[in-house]
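Student: Quick one, fold the following:
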Amino acid sequence: MSKVTNQASLKRILCRYDSPEWLGEVLMRAVGKATPQSIVDLGSGGGALSIAALARWNPSELYTVDLDKNASEEIIGALSLYKNLSHYHLNIDLMQTLPLNPFASIAGSVDLVVSNPPYRSAQWNPELDLILEQAGFPKPSTLCGDIPTDLIFVAQALNLVRPGGSVGLILPDSMISGKAMTPFRQALVKEHRITRVIQLPRRAFKGTDAQTYVVVLERGKSSLPVRLDRILDNNAWMQSIEISIDSASLRMDHGFHFQNRLLKKNDRKSLRDLGVEVRRGTLSSNELAQSPHPTFHTCNFPPNLGAGVDLQGPELTQEETGVWAEKGDILLARVDRNLERKIAFVAKGQAKLSDCVLRIRCPRQLQQKVLNGLISKDGQGQISARVRGTGARHISVSALLDILV
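Tutor: Sure, this is the predicted structure:
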């Protein structure tokens, strides 16, 4: 195996996606009018963010750190042209407490910390709890034994930056809108001033369609309304909006808040307020193959959005178990790369549902209103704003019930 192939494989294992040049420029502009003399780049990779910072400012010290030993050669070579810069590169694991690594001497004194952390999970251990505690974060009681690496990077950035200093991050949607991350967002807005959150195009990084965001905050400053921006796929910028810190603790994505503001002006109501019931199917892939009953999976959606389907199944009896769809129900893919486009109306028959399908059931007089709302341009935009994940994207029952029609 060649050296190039080895490096590519290691990047995939470490979930390393280097920042494109334009994104580094966006991040540094979002930091604002700071004039940092000391900068730390956590998870520096080949140095894209460091180079963007040096193009904007003239710091006296730059610290870069990356677990990937191959990154050492890349970044030292990339920064060799900056002759008057004191550059220190450290090949260390940031999943350690600061007293155990060489950054301990500068903890709490850095002017600016930037980071594009890897988007993967780490196995919980007590040392990670200590890192979170030092940054003022709660213990991750709801994360099922794993801790997102990006959360630890945020904590380490806060541990390094001085009071009043700035932190510029590129973070995944889980940190911005994930329900499990709510306690950490609450801690951020309570203890620090979040100045900018910029929603990026889904394909901002080559090789992944992960939804990512630029987040800029100032350590220890009093909270103000949070400014949200969004860059579209065509590189156009949407209108900025401001949200309260209470709203920011719930989620900080421009797409969600912008859509909600527009729709609430037109007196739309959520599926939850309309009394709509949403159930997730129960059949696993193995159970689908073995089921003696008619079944419905994501591959069974018709090509036309909102089209009617005949499920073929017989009348249900009281003895039947599981989640079934019947005439009048609306079906939506829960997991799929293009789940917004997988919506159907049951015109006839019954079928047992896969666990990748959601059943939407509402009173007869609301069926057409709900269907039209979901397949409309506004409805599609709301679904897209609530979808999570990469590749096989997914939407939760709770997120679906919040959609306005």
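Student: Point out where the chain drops to low pLDDT.
Tutor: Across the chain, the ranges flagged by pLDDT under 70 are 1-18, 98-103, 141-145, 265, 313-320, 390-391.
Student: let's go with 50 and repeat that
Tutor: 1-16, 318 (pLDDT under 50).
Student: tell me, what residue is most central in it?
Tutor: By Cα atoms, centre = their mean, the chain has its centre lying nearest to residue 173, at 1.0 Å.
Student: so that one touches residue 213, yeah?
Tutor: Yes: counting by Cβ atoms under 8 Å, residue 213 is a contact partner of residue 173 at 7.2 Å. C-beta: built from backbone N, CA, C; applies to glycine.
Student: Find residues that contact each of these two.
Tutor: Jointly contacting residue 173 and residue 213 under the rule Cβ atoms under 8 Å, 6 or more residues apart in numbering are residue 253.
Student: show me what contacts residue 323?
Tutor: Contacts for residue 323 (Cβ under 8 Å, 6+ apart) come out as 279-282, 352-353, 359.
Student: Oh, that last question was meant for residue 233, not what I typed.
Tutor: 201-203.
Student: and it, which of the three is it?
Tutor: coil (DSSP: H, G, I helix; E, B strand; the rest coil).
Student: which stretch of helix or strand covers residue 258?
Tutor: helix 254-265 (DSSP states H and E).
Student: Give the partner strands of the helix or strand that that helix is followed by in its sheet and their orientations.
Tutor: Where DSSP H and E defines the elements, the next helix or strand beyond helix 254-265 is strand 277-280. Its sheet considered, strand 277-280 pairs with strand 357-361 (antiparallel) by DSSP bridges.
Student: what number of residues lie near residue 140?
Tutor: Neighbourhood size, residue 140 [other Cβ atoms under 10 Å]: 20.
Student: how about it, what does it touch?
Tutor: Counting by Cβ under 8 Å, 6+ apart, residue 140 has contacts 124, 129, 132, 147, 151.
Student: Residue 340 now?
Tutor: Remark: with contacts taken as Cβ under 8 Å, 6+ apart, residue 340 is in contact with 380, 383-384, 387.
Student: need the residues you listed in JSON lines with secondary structure, neighbour count and distance to residue 120, can you?
Tutor: Formatted as JSON lines, these follow (DSSP: H, G, I helix; E, B strand; the rest coil; neighbours: other Cβ atoms under 10 Å; distance: Cβ to Cβ, whole Å):
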{"residue": "380", "secondary structure": "helix", "neighbour count": "15", "distance to residue 120": "30"}
{"residue": "383", "secondary structure": "helix", "neighbour count": "21", "distance to residue 120": "26"}
{"residue": "384", "secondary structure": "helix", "neighbour count": "17", "distance to residue 120": "24"}
{"residue": "387", "secondary structure": "coil", "neighbour count": "21", "distance to residue 120": "20"}
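Student: all strands for the stretch 51-200 of the chain, in order.
Tutor: 61-65, 86-90, 110-115, 121-123, 146-148, 161-172, 193-199 (DSSP state E, counting those that start in this stretch).
Student: so of those, which one's packed in deepest?
Tutor: Greatest average neighbour count among the strands of the stretch 51-200 of the chain goes to strand 110-115 (a mean of 25), per mean count of other Cβ atoms under 10 Å.
Student: partners of that strand, with directions?
Tutor: Strand pairing for strand 110-115, using DSSP bridges, gives strand 38-42 (parallel), strand 161-172 (parallel).
Student: Please identify which of these is closest to residue 230.
Tutor: strand 161-172 (14.7 Å; Cβ to Cβ).
Student: could you give the angle of the closest one to strand 193-199?
Tutor: For strand 161-172 against strand 193-199, the angle by axes from the mean of the first three to the mean of the last three Cα atoms, to 10 degrees is 20 degrees.
Student: For strand 161-172, what is the distance to the chain centroid?
Tutor: The chain centroid and the centroid of strand 161-172 are separated by 18 Å under Cα atoms, centre = their mean, to the nearest Å.
Student: and what of stretch 34-41?
Tutor: Averaging C-alpha positions (Cα atoms, centre = their mean) puts stretch 34-41 26 Å from its chain's average.
Student: thinking again about what came up before, quick one: contacts for the residue nearest to the centre of the chain?
Tutor: 210-213, 253, 388.
Student: try it again with 7 Å
Tutor: 211, 253, 388 (Cβ atoms under 7 Å, 6 or more residues apart in numbering).
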